[in-house]
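# structure of the sequence below:
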Amino acid sequence: MKEVKVKGLDIKVPNGSPFAYETPEALPKAHQNCLIVAPRGQGKTTFCVNLMERMPYDRIICVSPSIKSNSELLSRLKIDPEDIYENPDDIEVVDRIKETIEKERDDLEEYIEKKKKYKELMKLLSKDDMFRIPDDLLMLFYENGSFEPPTHRWGGKKPCIAVLFDDCLGSQIFTKGIRKLNALTIYHRHTGQLKGGGAIGCSLYFLLQSFKCSSGGISKCIRGNTTSLAIGRTKSDKELDEIAEECGGEVAKEDFLKIHNQATKNSKFDFLFCDFNKKENHPSMFRKNLDTFIVP
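Take a look at the predicted model:
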């Protein structure tokens, strides 16, 4: 077919990456929307913990009715009690998660402004002219007999936040509150937007016993916004076919089934990990667990 080029209308790609947080070289990008799917008792939590504890998360929020009985999640991921929501039937939980991220945004914005004012104060003090310094500026930083610089919980950097949903299938969050959860998934990288550009954002992790179910499961919207998918061994050929079909844009169904079998054939605790937004230096989007790339 013939092509006719029009000058001045070329697509200009913006600088920078939509994945704003640096992660270790071998790990996925951040932020992400990760689904971890396997039947009960086949290592979903173990896989999730091994992935999340290696990612650079400063704060992890957990929505799970069983979190307090899961010492692995609590101890290894160092989840703060204030960030635990045990009732997935409370659809306001999604609103509170957004408020938490926006509060982190506000704290960072306040710190940035105070830092500017502190720099201004130090400059005026260096001129040894106390009478020119506004009283409110003096009192803003005067504490315990000296002028204290502003502090920030994360040292002035954007906190990297993740949200984990576990044992929530069939809950009100996944039914009555699904529109809120869909919106959080769509805008997860843009939640808590900063005045100077960018956002705090969050990664989302969903631990699931089934990829699809008739009601109270992961919505098509969430599945469609998945950036990584971990699939354990499953007894349901139908479910595996459904997953293969949804990954059809990445690899042929037959190849996907072969790759999944190779990744999970040795142990029921093995996973096929699919990274749909892999880093350029990664040899493949497929891995057996986290440490072994499978190159089709």
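# let me see the contact set for L290.
Each residue near L290 by C-beta atoms under 8 Å, 6 or more residues apart in numbering is listed here: 26-27, 50-51, 54, 273. In short, each C-beta sits where N, CA and C put it, glycine included.
# so Q193 sits against K158, correct?
No. Proximity of Q193 to K158 does not meet the contact threshold set by C-beta atoms under 8 Å, at 11.5 Å.
# these two: which has the busier surroundings?
A count of neighbours by other C-beta atoms under 10 Å puts K158 above the other of Q193 and K158, at 18 against 14.
# doesn't the more buried one fall inside a helix?
No. Counting by DSSP: H, G, I helix; E, B strand; the rest coil, one finds K158 to be coil, located in no helix.
# you'd agree it is up against D107?
No. Between K158 and D107 there is no contact under C-beta under 8 Å: 10.7 Å.
# poorly predicted segments of the stretch 101-250 of the chain, please.
Counting by pLDDT under 70, the stretch 101-250 of the chain has low-confidence residues at 128-131, 214-216, 248-249.
# in it, which spans are helices?
For the stretch 101-250 of the chain, the helices defined by DSSP state H, counting those that start in this stretch cover 135-141, 178-186, 220-224, 237-246.
# ok, and what's touching the shortest one?
Under the contact criterion C-beta under 8 Å, 6+ apart, helix 220-224 has outside partners 33, 35, 181-182, 185-186, 206, 211, 246.
# now, the most widely separated pair of those residues?
I186 and F211 (19.4 Å; C-beta to C-beta).
# pull up the distance across stretch 277-292, start to finish.
Between the start and the finish of stretch 277-292 there is a gap of 17 Å, counting by C-alpha to C-alpha, to the nearest Å.
# mean confidence score for it?
Regarding stretch 277-292, the rounded mean pLDDT is 95.
# name the residues of that stretch that are buried.
Going by neighbour count (16 or more other C-beta atoms under 10 Å), the buried part of stretch 277-292 is 278, 285-290.
# just give me the closest of the residues you listed to E113.
K278 (38.3 Å).
# P28 is in contact with the closest one, correct?
Yes. Counting by C-beta under 8 Å, K278 does reach P28; the two are 7.4 Å apart.
# what are the phi and psi values for H152?
phi -140, psi 140 (degrees, to the nearest 10).
# what about it, distance to I231?
39 Å (C-beta to C-beta, to the nearest Å).
# same check, this time on Y187
26 Å.
# in terms of neighbours, single out the busier of those two.
I231 (23 against 16).
# can you name the residues that contact the more buried one?
37-38, 211, 240, 243, 260, 264, 271-272, 274.
# biggest separation within those residues, which pair?
Those two in the contacts of I231 that are separated most widely, counting by C-beta to C-beta, are F211 and T264, at 14.5 Å.
# K258 falls within a helix, correct?
Yes. With three-state DSSP as the criterion, K258 is part of a helix.
# distance of it from F276?
For K258 relative to F276 (C-beta to C-beta), the value is 18 Å.
# from Y21, how far out is Q209?
29 Å.
# between the two, which is the more surrounded one?
Y21 (21 against 17).
# the residue lying closest to that one once chain neighbours are set aside: neighbouring residues, count only.
Take Y21 and drop its neighbours on the chain: the residue closest to it by C-beta to C-beta, 6 or more residues apart in numbering is A30, 4.1 Å away. Counted with other C-beta under 10 Å, the neighbours of A30 add up to 21.
# A30 and P56, how far apart?
Noted for A30: a distance of 7 Å to P56, by C-beta to C-beta.
# equivalent analysis for S126, please.
37 Å.
# go on, E245?
From E245 to P56 the distance is 33 Å (C-beta to C-beta).
# next, count neighbours for K180.
17.
# and it, how far is that from K220?
For K180 relative to K220 (C-beta to C-beta), the value is 16 Å.
# and for G155?
Distance of G155 to K220, computed by C-beta to C-beta: 40 Å.
# again, but for V163
20 Å.
# what helix or strand does L51 sit in?
helix 44-52 (DSSP states H and E).
# following that helix in sequence, what is the next regular element?
Defined by DSSP H and E, the subsequent element after helix 44-52 is strand 59-63.
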